[in-house]
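Engineer: Got a predicted structure here, sequence first:
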Amino acid sequence: MVETTNTKKSGRKRAIITGGVLLGAGALVTAAAFTDFALLDLNGDGGFGGVENAYNIQVSTGQENTVPDVSTWVEANPNSEAVAPIEGADALIPGGAPIYVNLPVLNDSASMASTLDLVLHNVTATVETPEGAAIDIAAANEAYAKLIRFQVAQVDDASTVPTDWVTPTGLAFDTNGAVPSVALSDLDPSAGSIIVVKVWLEEGQTQAETNLANGGTVQVQARFDGESKN
């Protein structure tokens, strides 16, 4: 009887071991399946963006009449560039003839269009009137700034005086020393235009107000703002 019992136990062990071997073989078969993968470089070596596609606005200080006339474009950011000399800037007379300043601007972006806005700022430095001076310089500068006016046009060719102005009336400096922002037409990629700024002096409401501006000066800075768009 003892031998019979031992024989049955050994049979159970063999069955368990055999079953374990079969399960292991099944796992090995599953792990041996074939695999593969694929890689795609989006836009090839170019990727997205890139230096050659950077958004950028440039200007010219040469007061050219057309964009093709411009030989040198400058960044003017973060430091300003001087547009000088401007013919007639030193001889404005209240109620007299205006002068015109051409400001070429370029969307130097190969793939992006650009919005364009212009703001004119009064950046005249504060000065003290020297003792014995014939006029109060600070007062004259302030009076001059109150009389100066601006009008803006956007054209392809500024060789003749514009007839279509973006601003139908003269713009004056506000209490913060800036004219209202002028919304200009968008620029296509790698395209530019000429912004013409008409400048003149109004007469004061009284002769005394006009005379107070005599000997005054105003330094004006033009700021172009653009935003990329599709």
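Structural biologist: Everything's here; your move.

Engineer: CA atoms for contacts and neighbours, from now on please.
Structural biologist: Will do.

Engineer: Okay, strands next: where are they in the protein?
Structural biologist: When secondary structure is read from DSSP state E, the chain shows strands at 57-59, 99-107, 113-122, 148-155, 182-187, 192-201, 220-225, 228-229.

Engineer: Which residue is the nearest non-sequential neighbour of Leu171?
Structural biologist: The spatially closest residue to Leu171, leaving aside those adjacent along the chain, is Phe150, at 4.9 Å (Cα to Cα, 6 or more residues apart in numbering).

Engineer: That neighbour: how many residues sit nearby?
Structural biologist: Neighbouring residues of Phe150 were enumerated by other Cα atoms under 10 Å; the total is 20.

Engineer: Mind listing the residues bridging to it?
Structural biologist: Per DSSP bridges, residues listed as beta-bridge partners of Phe150: Leu171, Val199.

Engineer: Am I right that it is in contact with Val196?
Structural biologist: No. In this structure, Phe150 is not within contact of Val196 by Cα atoms under 8 Å, at 10.0 Å.

Engineer: that older thread, JSON lines for the strands of the chain, including distance to Asp41?
Structural biologist: Shown next, in JSON lines, are the strands of the chain (distance: least, Cα to Cα, whole Å):
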{"stretch": "strand 57-59", "distance to Asp41": "31"}
{"stretch": "strand 99-107", "distance to Asp41": "30"}
{"stretch": "strand 113-122", "distance to Asp41": "27"}
{"stretch": "strand 148-155", "distance to Asp41": "43"}
{"stretch": "strand 182-187", "distance to Asp41": "32"}
{"stretch": "strand 192-201", "distance to Asp41": "35"}
{"stretch": "strand 220-225", "distance to Asp41": "36"}
{"stretch": "strand 228-229", "distance to Asp41": "26"}
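
Engineer: Figure out which of those strands is closest to Val166.
Structural biologist: Nearest to Val166, of all these, is strand 148-155, at 5.2 Å by Cα to Cα.

Engineer: Mind giving me the packing neighbours of the closest one?
Structural biologist: The criterion is 3 or more Cα pairs under 8 Å, 6 or more residues apart in numbering; DSSP states H and E, and the helices and strands that strand 148-155 contacts are strand 182-187, strand 192-201.

Engineer: Tell me the spacing between the residue nearest to the spatial centre of the chain and Thr35.
Structural biologist: Computing the C-alpha centroid of the chain and ranking residues by Cα atoms, centre = their mean puts Gly226 first, at 3.4 Å. Using Cα to Cα, to the nearest Å, one obtains 52 Å as the distance from Gly226 to Thr35.

Engineer: So which of the helices and strands packed on strand 148-155 is the most surrounded?
Structural biologist: Each of the helices and strands packed on strand 148-155 was given a mean neighbour count from mean count of other Cα atoms under 10 Å, and the largest, a mean of 22, is that of strand 192-201.
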